[in-house]
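Participant: next one to model:
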Amino acid sequence: MAVSPQSPQSAPPCEPRVPPQSAAPRPAPSVPPESSPDRPHLTELRLSAFATHRGAGFPLGPLTLFAGPSGCGKTSALRAYEALARLGGGGEVGEVFPDPVACVPDRARPDAQRRRGFRIGCTADGPEGPVRLDVAVQAEPELRIVGERLTSGGLVLLETALRDPARRSVQAAWHTAGSSPVTRAPLPDDRLGTALLPLRVAGKTDGQRQVLAAAEQMVVALRSVFACDPVPERMRAPVPIRDGRLLRDCANLADVLWRTRSECGRRHAQLVGAVRAGCAGAVADVLAEPLGDGTVGAVLDRGDRGRTGFGRLGDGELRYAALALVLLTGPGVLEVDPPGEVPAAMQTLTVLADGLDRALDVRQRTELLRLAARMCERGHIRLVGAVSDASWADRVEGVTVVHLEP
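Facilitator: Okay, here's the model as predicted:
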């Protein structure tokens with residue numbers, strides 16, 4: 001499925017506000033049916049005004065590739081997705097956007113109050129049907145969330161707006177459908193209101209319960225995101241034995257192998273098979289060797305040909321092995337923050353992989369995509385990756401390709 005984002009004229013980003021429903025026509029994504037439709041998951045990412053993007057909406061399938069040359073906005077799209085995930089997990093806006101000015105669209109002019117900002121949003125599907133979230137962030141002169149809208153079935157369930165710039169709060173109104181149709185109260189301007197609703201809404205009326213259900217679906221869909229970009233030069237050296245939770249640069253891959261090889265023999269056998277398909281030479285096992293000083297080093301067991309340390313593998317082999325491990329493991333091994341209050345059967349881990357095809361040869365990227373398609377088909381994992389060219393992915397079933405242009 002190839003999708004080209006529309007870029008209609010939009011309101012200048014110097015007026016940070018929640019965007020209206022987009023009228024820009026976009027082809028509907030041809031996405032395989034979900035294995036578990038009750039698992040909340042994102043179906044669209046909207047970048048109304050963010051970095052290089054204006055008025056853009058991108059479909060998200062179980063396996064989505066953003067494709068295009070350098071400078072087309074692939075990394076920005078993944079950065080916006082991760083930002084929404086962190087906000088959905090209760091993250092403070094200053095931690096989520098350490099460099100907010102870089103998120104302001106190019107050539108955006110400040111308004112009379114010297115304000116500039118950006119707007120992002122998404123749609124989450126699940127038991128409550130499609131639920132939309134749109135967020136407006138002011139980057140200058142102070143970083144704050146100045147507008148938010150949560151909608152379902154055309155009904156506005158939550159809406160916030162900055163009424164008094166001198167106060168560090170926004171005025172929020174959420175659906176009640178009781179003796180009073182709307183409840184109004186201030187919310188802090190440094191957190192996502194949707195993530196705070198379970199602490200503020202009693203759930204006594206049908207309207208309040210609808211608000212809570214929609215907010216929970218959105219938060220669950222956004223949580224459990226693992227952004228990774230393996231760095232080969234950091235994966236070659238031995239590492240200390242610690243908790244065995246994989247970091248986003250995969251530098252501690254040996255520590256993770258030390259833990260996972262004994263925890264799940266079936267998944268480890270799948271990892272060995274995947275590495276065998278993508279690495280040169282015979283591969284009988286993938287393991288970590290203790291070095292006697294509290295550290296371990298990752299090695300490939302070549303059978304009768306001995307062992308090859310990861311320090312001698314090429315960049316493509318190291319990135320391939322790390323990404324295969326990410327796809328074959330889960331939140332308990334990856335450094336993510338899953339919603340502990342939600343049953344595992346209702347959760348979906350989303351992997352964000354920038355430069356998915358970086359340093360990989362044709363065989364490696366094809367095998368990795370096939371592995372990703374198999375894992376995503378089961379419904380408990382989704383992948384959003386960025387690649388420079390996706391022509392090699394056309395023959396893999398179940399892949400949604402979003403083509404971007406500079």
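Participant: which of the residues in stretch 271-284 are buried?
Facilitator: By 16 or more other Cβ atoms under 10 Å, the buried positions in stretch 271-284 come out as Leu271, Val272, Ala274, Val275, Arg276, Ala277, Gly278, Cys279, Val283. Backbone N, C-alpha and C define where each C-beta goes, glycine included.
Participant: those in helices, which ones?
Facilitator: Using DSSP state H, the members of the buried residues of stretch 271-284 that fall within helices are Leu271, Val272, Ala274, Val275, Arg276, Ala277, Gly278.
Participant: quick check, nearest of those to Pro105?
Facilitator: Using Cβ to Cβ, Gly278 is the member of those that sits closest to Pro105, with 38.9 Å.
Participant: so that closest one is in contact with Ala322, correct?
Facilitator: No. Using Cβ atoms under 8 Å as the test, Gly278 is too far from Ala322 to be in contact (11.1 Å).
Participant: sorry, back to before: distance to Gly303 and pLDDT added to the ones in helices among the buried residues of stretch 271-284, as JSON lines?
Facilitator: As requested, these are exported to JSON lines (distance: Cβ to Cβ, whole Å; pLDDT from 0 to 100):
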{"residue": "Leu271", "distance to Gly303": "17", "pLDDT": "95"}
{"residue": "Val272", "distance to Gly303": "12", "pLDDT": "97"}
{"residue": "Ala274", "distance to Gly303": "17", "pLDDT": "96"}
{"residue": "Val275", "distance to Gly303": "13", "pLDDT": "97"}
{"residue": "Arg276", "distance to Gly303": "11", "pLDDT": "96"}
{"residue": "Ala277", "distance to Gly303": "16", "pLDDT": "95"}
{"residue": "Gly278", "distance to Gly303": "17", "pLDDT": "93"}
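Participant: the closest residue to Gly309 other than its chain neighbours sits in which helix or strand?
Facilitator: Among residues not flanking Gly309 along the chain, Val299 sits closest, at 5.1 Å (Cβ to Cβ, 6 or more residues apart in numbering). Under the criterion of DSSP states H and E, Val299 resides in strand 295-301.
Participant: what's that strand in contact with?
Facilitator: With Cβ atoms under 8 Å, 6 or more residues apart in numbering as the test, strand 295-301 has contacts from 235, 237-241, 253-255, 257-258, 275, 279, 281, 283-291, 307-311, 313.
Participant: in the following helix or strand past that strand, what's buried?
Facilitator: Following strand 295-301 in sequence order, the next helix or strand is strand 307-309 (DSSP H and E). Going by neighbour count (16+ other Cβ under 10 Å), the buried part of strand 307-309 is Thr308.
Participant: now swap in stretch 372-392 and tell me
Facilitator: Quick answer for stretch 372-392 (16+ other Cβ under 10 Å): 372-373, 375-377, 379-387, 390.
Participant: need the max-distance pair from these.
Facilitator: Taking Cβ to Cβ, no two of those sit farther apart than His380 and Ala390, at 24.2 Å.
Participant: for the helix or strand containing Thr64, what is the average pLDDT?
Facilitator: Assigned by DSSP H and E, Thr64 belongs to strand 63-67. Average pLDDT, strand 63-67: 97.
Participant: got the angle for the helix or strand that it is followed by vs strand 63-67?
Facilitator: Per DSSP H and E, the first helix or strand lying C-terminal to strand 63-67 is helix 74-88. Computed by axes from the mean of the first three to the mean of the last three Cα atoms, to 10 degrees, the angle separating helix 74-88 from strand 63-67 equals 140 degrees.
Participant: in the helix or strand immediately after helix 74-88 in the chain, which residues are buried?
Facilitator: Counting by DSSP H and E, the element after helix 74-88 in chain order, helix or strand, is helix 93-96. For helix 93-96, a neighbour-count test (16+ other Cβ under 10 Å) marks Val93, Val96 as buried.
Participant: tally of neighbours for Thr295?
Facilitator: Residues lying near Thr295 (other Cβ atoms under 10 Å) number 17.
Participant: so which elements touch whichever strand or helix holds Phe58?
Facilitator: Secondary structure from DSSP H and E places Phe58 in strand 53-59. Using 3 or more Cβ pairs under 8 Å, 6 or more residues apart in numbering; DSSP states H and E as the contact test, the elements touching strand 53-59 are strand 41-50, helix 74-88, strand 400-403.
Participant: for Arg116, see how far away the nearest residue to Gly73 once chain neighbours are set aside is.
Facilitator: Spatial nearest neighbour of Gly73, excluding adjacent residues (Cβ to Cβ, 6+ apart): Thr52 at 4.3 Å. According to Cβ to Cβ, to the nearest Å, Thr52 and Arg116 sit 15 Å apart.
Participant: just Pro331 next, same as before
Facilitator: Distance of Pro331 to Arg116, given as Cβ to Cβ: 36 Å.
Participant: repeat for Val135
Facilitator: Separation of Val135 from Arg116 (Cβ to Cβ): 16 Å.
Participant: neighbour count: those two, which is higher?
Facilitator: Set Val135 next to Arg116 and count neighbours by other Cβ under 10 Å: Val135 wins out with 28 against 23.
Participant: specify the beta-bridge partners of that one.
Facilitator: Bridge pairing for Val135 (DSSP bridges) gives the partners Ile120, Glu148.
Participant: you'd agree it is up against Cys122?
Facilitator: No. Using Cβ under 8 Å, Val135 is not in contact with Cys122; the gap is 9.0 Å.
Participant: got any residues that touch both of those two?
Facilitator: With Cβ under 8 Å, 6+ apart, Val135 and Cys122 have common neighbours Leu84.
Participant: give the residue spans of the stretch 251-400 of the chain that score low on pLDDT.
Facilitator: The stretch 251-400 of the chain contains residues with pLDDT under 70 at 335-346.
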